[in-house]
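K.L.:
Model the following, please.
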Amino acid sequence: MSSLVVETLLIGLGTYLLRALSLALGGRTPWPDGVRRWLSFVTPGVLGALLGPVLFLSGDGKVALDLANPALIAAVPTALFAWWSRRLFPTVVLGVLCYTAAIYWL
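P.N.:
Have a look, this model is predicted:
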């Protein structure tokens, strides 16, 4: 087995165990307020860490804050729609359509 396959399996196993433990313990054990407050920042932090490089960097790692960046162009209407609708599936569909259109026209 290649090292990439082993690494992927270990990451998947770790993710599964963390989620399974938090679900198993979370239903029976009350979380302290400090931990709950800290956990409320995890989702925006992870989302920012995942989307930041995609939106603001080009393929070669340089900052791309111009109108030739299709991801940035597609993110604006998608973010506005997500804020307005608060619905995940239509937002994902709109984001894919906007990104496809931006790639096609740019």
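
K.L.:
Could you use CA atoms for every contact and neighbour count after this?
P.N.:
Noted.

K.L.:
For the nearest residue to residue 65 once chain neighbours are set aside, give me phi and psi.
P.N.:
The shortest distance from residue 65 to any non-neighbouring residue, by CA to CA, 6 or more residues apart in numbering, is to residue 56 (6.1 Å). Main-chain dihedrals, residue 56, degrees, to the nearest 10: phi -110, psi 0.

K.L.:
Same question for residue 62.
P.N.:
Dihedral angles (degrees, to the nearest 10) for residue 62: phi -90, psi 150.

K.L.:
separation between it and residue 32?
P.N.:
Applying CA to CA, to the nearest Å, the value for residue 62 to residue 32 is 42 Å.

K.L.:
so how far is residue 96 from residue 90?
P.N.:
Counting by CA to CA - residue 90 and residue 96 are separated by 10 Å.

K.L.:
With residue 41 instead?
P.N.:
Counting by CA to CA, the separation of residue 41 from residue 96 is 26 Å.

K.L.:
Centroid-nearest residue for the chain?
P.N.:
Geometric centre of the chain, nearest residue: residue 47, 4.0 Å, by CA atoms, centre = their mean.

K.L.:
just to revisit the earlier point, so if I had to pick from residue 41 and residue 96, which one is more boxed in?
P.N.:
Counted by other CA atoms under 10 Å, residue 41 and residue 96 do not tie: residue 96 has more neighbours, with 16 against 10.

K.L.:
Following the strand or helix carrying the residue nearest to the centre of the chain in sequence, what is the next regular element?
P.N.:
Element membership for residue 47, per DSSP states H and E: helix 42-56. Using DSSP H and E, the helix or strand that follows helix 42-56 in sequence is helix 70-85.

K.L.:
No more questions from me, cheers.
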